[in-house]
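Chemist: Sequence isn't available, so here's the structure alone:
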């Protein structure tokens, strides 16, 4: 990668180099274990002109998202997060009232986890989801869903058929598209001239402060600050007007934007978030210099724990098979000798193997059957939810291990 995908600058500086790994959602079937497996460099750089952090576009969205292993509805806390968002958005934007019936569109709508709450309120809605398998699950759940990638032409076609959207939701997708400007123009094509766009995306500030390097993987093409997100939105005709700082995914942004002609002045929260990023040094290289050393420390601590457990004869099982977990496992070089298996609630992953590290993925019931001494929790961002879900390990004295932001071993109580 020689130029920034947002501003075209050649001034790109290294943030962290994680070597080469396979795409994080490319789980292997048993009959694929003896086949070659492609791996791609995972090297995060930041543009020192517009400060967009980014990976080279070495794989295409079509390779990742046509069939997808992630179903949002398998996370209880994420479904609740979506329900609360819909409740707040309906109140904030006064959706469903007035002479014209409101229309809500979600881009990358997955299995309908969010729009089912919209439909349940009697508000007209449509999901735009590129993955055939999860889009089918949404339709089965009664959520109207178009199988497509968003670009300006798709946005214009949806608008022509259904009318402009009062609210366009784009949660956890803005990092997944290499053509930032084209995707943003698609959002602008969907939204009414006086409508709203809500984007949720991981915050680069908390990624760096919390050592959350496992969220760096090939299907995330860029990592946003409020400043770089504002510039990205403007590239497609949208203006940032408000920012909410969320706890999801270890720290996320909810960006409220409007068409430029209807935007008005940005909120005080926007100014505060920009000031916080400046104070953290994210508009100069000093804010990025120590990150690589802290990443190396996470790796050493986790490997030291697993090797020591193996030498003591202690048993360890994994919990979860998220994309972030596969970045961690590959960067640390963890194989079945140190982690014999992991479990996941998603049946799609059962009987498959993690990319690169070839660790079997089993149903969650395997943990209670085997009663391991330790459970390594890979989706650490769901810590509160999973401490509660896995509280039963106290029955045999089991403990939970969280690798990020730093290694911690937790004794759970009933």
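Modeler: Great, that's in hand. Just so you know, these numbers come straight off a predicted model, no measurement behind them. Numbers count the residues shown, from 1 in each chain.

Chemist: count of residues packed around the nearest residue to residue 26 once chain neighbours are set aside?
Modeler: With CB to CB, 6 or more residues apart in numbering as the criterion, residue 26 has its nearest non-adjacent residue at 4.5 Å, and that residue is residue 355. C-beta: built from backbone N, CA, C; applies to glycine. Residue crowding around residue 355 was assessed by other CB atoms under 10 Å; the count is 23.

Chemist: Then residue 268?
Modeler: So residue 268, with other CB under 10 Å, has 10 neighbours.

Chemist: Now do it, the pLDDT please.
Modeler: For residue 268, the model assigns a pLDDT of 97.

Chemist: quick one, phi/psi of it?
Modeler: phi -60, psi -30 (degrees, to the nearest 10).

Chemist: any idea what the residue nearest to residue 26 is structurally, helix, strand or coil?
Modeler: coil (DSSP: H, G, I helix; E, B strand; the rest coil).

Chemist: ok, now which ones touch it?
Modeler: Counting by CB atoms under 8 Å, 6 or more residues apart in numbering, residue 355 touches 21-28, 37, 326, 330.

Chemist: Residue 222 versus that one, what's the distance?
Modeler: Distance, residue 355 to residue 222, by CB to CB, to the nearest Å: 22 Å.

Chemist: I'd like the contacts of residue 355 laid out as JSON lines, including pLDDT and secondary structure.
Modeler: As requested, those are arranged in JSON lines below (pLDDT from 0 to 100; DSSP: H, G, I helix; E, B strand; the rest coil):
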{"residue": "21", "pLDDT": "94", "secondary structure": "strand"}
{"residue": "22", "pLDDT": "95", "secondary structure": "coil"}
{"residue": "23", "pLDDT": "91", "secondary structure": "coil"}
{"residue": "24", "pLDDT": "90", "secondary structure": "coil"}
{"residue": "25", "pLDDT": "86", "secondary structure": "coil"}
{"residue": "26", "pLDDT": "90", "secondary structure": "coil"}
{"residue": "27", "pLDDT": "94", "secondary structure": "coil"}
{"residue": "28", "pLDDT": "96", "secondary structure": "strand"}
{"residue": "37", "pLDDT": "95", "secondary structure": "coil"}
{"residue": "326", "pLDDT": "96", "secondary structure": "helix"}
{"residue": "330", "pLDDT": "97", "secondary structure": "helix"}
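
Chemist: which of the residues you listed tops the neighbour count?
Modeler: Neighbour counts for those peak at residue 24, which has 30 neighbours (criterion: other CB under 10 Å).

Chemist: neighbouring contacts of stretch 336-343?
Modeler: 303, 306-307, 310, 315-321, 325, 329, 354, 357-367, 376, 378.

Chemist: Going through these, which ones are buried?
Modeler: For those, a burial check counting by 16 or more other CB atoms under 10 Å picks out 306, 316-321, 325, 329, 354, 357, 359-362, 366-367, 376, 378.
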